[in-house]
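Visitor: below: sequence and its predicted model.
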Amino acid sequence: MSNRRVGIIGAGSSGIAACKVLEERGIPFDCFEKGSDIGGLWRYENDNALGSAYRCLHMNTSRTTAQYASRPMPDDYPDYPHHTQILAYLEDYVQHFGLREKIRFRTEVTRVEHIDGEWEVEWRDTADGTRNECERYAAVLVANGHHWDPRRLDPSLPGTFMGQQIHSHFYRTPDELAGKNVLVVGIGDSAMDIACDTSQVSNMTFLTARRGAWIVPRYLGSTPIDLVGRGLQSRSPVACEVASGALSNIGSFLYARRIKQIQGRPEDRGLPKPDGNLAGGDVTASPEILTRIGYGHVRPKPWISRLDGDSVRFADGSVEHVDVIIYCTGYKISLPFLSDEIIDPANNEVPLYKRVVHPDRPGLYFIGLVDLPGALNPLSEMQSEWVADLLDEKVALPSCARMKKAIAREDRRRRKRFGSAGRRAIHVDFFPYLHALQKERKRRRGDRRGIPVTRVSEEIRLPA
Ligand SMILES: Cc1cc2nc3c(=O)[nH]c(=O)nc-3n(C[C@H](O)[C@H](O)[C@H](O)COP(=O)(O)OP(=O)(O)OC[C@H]3O[C@@H](n4cnc5c(N)ncnc54)[C@H](O)[C@@H]3O)c2cc1C
């Protein structure tokens, strides 16, 4: 009898979505989770030693966009739930769909190898340390998260610093920063959250970033910002194409004007000027940062020119005494159990078809390996549905050559929009991406519409 069993790596919000879909389809699977419970990033102080949630963390995407399509968040949740509420929601999801028994906790996958058309998965029991076991699977779904391996500044800052330096990955609370001078480096959501948090107790929180970002509020009127203008796009792929095509200039002009009326221009508040416009540039949602700057509790500074003992020298020549530097410089994609020959995430580039399928390694799929100004959960669930369709041989993939062409096309589009090589390497836009996945799910085997597909071949079948 052929091996249909599938291995899932990780039981964070992406991995449990994959478990739920495969369970419903009757596809046998084992899910491996390094920590002793589900939830990944949303489990504060997770014992998997990979967690990066801080005590004040709330979802930066609104409840309605962040819930799985198959299970709404409770009605009494606020628009932007706290991380404890998200964890409770994920626990309810696992309970509701009866997934807990299917997950092997305290089990870290250490090696995944492609052997004789199957995937050999080796794991280590983290409770007793050394025991290695392995098993062969028809396919592997990688859902190990991409916010746990801190990215350092490259090149590092010139000079030496005598104070404390940490990455935001290790930041939890501002308790030990009372009365200190803190320098927060970065302009993303975590940088804003952490600067606002530390500024409640610090003597002064300085904020610096190499590039700028548009600061958007949590609401426009009484509508959560990530729901603005989305109604039509959510219903129709054509509306998405129109929104990103002919009408995009008008749409983004009106949107940008509205945001500027509410928030002002970042550079007028001492923050770096954003590179692009609001539609294509960097956007950070922060309800508080401009107020904290206005109160004088956060002081923006130009970029750092040198670290100097217990001080930091900035590009405008000013020097500030600093006790602690918190680097909110993002994360590297890390796939330590896969050899570079299979996939090398250097520069955060992972060439995958529709950000899910390895084009020339049949049976290797990635769930949740996307970055977006929106919520991941519904996308992870939809990615899993598509992978289940492929495993069930209900739908087909284009040929390897066509997938590679599509990947290269996407890459060119991204570079045109965001510039340099590794920047925003796994970026997707929520609705266009959702519609693209839906389209893939309609690609019947042998269907000649859309991108032509090959006949069923080894490339798209599970190994016998
Ligand atoms: C500070 C912060 C705030 C965020 N806020 C939002 C938000 O508001 N909305 C949003 O949509 N996204 C947000 N994100 C993105 C966030 O990463 C995802 O929403 C979500 O947590 C991703 O889930 P995941 O399952 O892919 O990864 P994770 O939550 O990281 O889970 C991965 C799981 O895989 C396990 N694992 C890893 N390696 C192995 C291995 N070798 N063997 C076995 N198990 C392994 C880990 O233990 C973990 O449980 C935020 C990210 C950060 C850093």
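Guide: All right, it came through fine.

Visitor: so Tyr54 sits against Cys196, correct?
Guide: No: using Cβ atoms under 8 Å, Tyr54 is not in contact with Cys196; the gap is 11.1 Å. Just so you know, the C-beta spots here come from the backbone N, C-alpha and C atoms, and that holds for glycine as well.

Visitor: common neighbours of the two, please.
Guide: Common contact partners of Tyr54 and Cys196 (Cβ atoms under 8 Å, 6 or more residues apart in numbering): none.

Visitor: more neighbours, the two?
Guide: A count of neighbours by other Cβ atoms under 10 Å puts Cys196 above the other of Tyr54 and Cys196, at 23 against 19.

Visitor: right, is the helix or strand containing the more buried one up against the ligand?
Guide: Element membership of Cys196, judged by DSSP states H and E, is helix 189-198. Yes: judged by Cβ under 6 Å from any ligand atom, helix 189-198 and the ligand are in contact via Ser190.

Visitor: touching whichever helix or strand comes after that helix from outside, list them.
Guide: Using DSSP H and E, the helix or strand that follows helix 189-198 in sequence is strand 204-208. Residues outside strand 204-208 that contact it (Cβ under 8 Å, 6+ apart): 181-185, 191, 195, 198-199, 271, 289, 292-293, 297-304, 312, 314, 320, 322.

Visitor: now, those that are in helices?
Guide: Cross-referencing those against helices under DSSP state H gives Ala191, Ala195, Thr198, Ile289, Arg292, Ile293.

Visitor: can you pull the contacts of the residue lying closest to Ser52 once chain neighbours are set aside?
Guide: Closest residue to Ser52 apart from its sequence neighbours, by Cβ to Cβ, 6 or more residues apart in numbering: His169 at 4.5 Å. Residues in contact with His169 (Cβ under 8 Å, 6+ apart) are Ser52, Trp148, Pro150, Tyr331.

Visitor: one more pass at 10 Å, please.
Guide: 50-54, 147-151, 190, 327-331 (Cβ atoms under 10 Å, 6 or more residues apart in numbering).

Visitor: which single one of the residues you listed is nearest to the ligand?
Guide: Of all the contacts of His169, the ligand sits closest to His147, with 3.7 Å by Cβ to the nearest ligand atom.

Visitor: any idea what the closest residue to the closest one other than its chain neighbours is bridged to?
Guide: Nearest residue to His147, sequence neighbours excluded (Cβ to Cβ, 6+ apart): Tyr331, at 4.8 Å. For Tyr331, the beta-bridge partners are Pro150 (DSSP bridges).

Visitor: next, the contact list for Tyr331, please.
Guide: Per Cβ under 10 Å, 6+ apart, neighbours of Tyr331: 52, 145-151, 167-169, 190, 348, 371.

Visitor: and the residues you listed, which are buried?
Guide: 52, 145-150, 167-169, 190, 348, 371 (16 or more other Cβ atoms under 10 Å).

Visitor: let me have those residues in CSV, extended by pLDDT and secondary structure.
Guide: Formatted as CSV, the buried ones among the contacts of Tyr331 follow (pLDDT from 0 to 100; DSSP: H, G, I helix; E, B strand; the rest coil):
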residue, pLDDT, secondary structure
Ser52, 93, coil
Gly145, 98, coil
His146, 96, coil
His147, 96, coil
Trp148, 96, coil
Asp149, 96, strand
Pro150, 96, strand
His167, 98, strand
Ser168, 98, helix
His169, 98, helix
Ser190, 96, helix
Asn348, 87, helix
Asp371, 92, strand
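
Visitor: which of those residues sit farthest apart?
Guide: When Cβ to Cβ is used, the two most widely separated members of these are His167 and Asp371, lying 17.9 Å apart.

Visitor: which phi and psi values does Arg306 adopt?
Guide: phi -160, psi 140 (degrees, to the nearest 10).

Visitor: then the one 3 residues further on?
Guide: For Gly309, the backbone dihedrals are phi 70, psi -110 (criterion: degrees, to the nearest 10).

Visitor: and stretch 193-213, end to end?
Guide: End-to-end span of stretch 193-213 (Cα to Cα, to the nearest Å): 14 Å.
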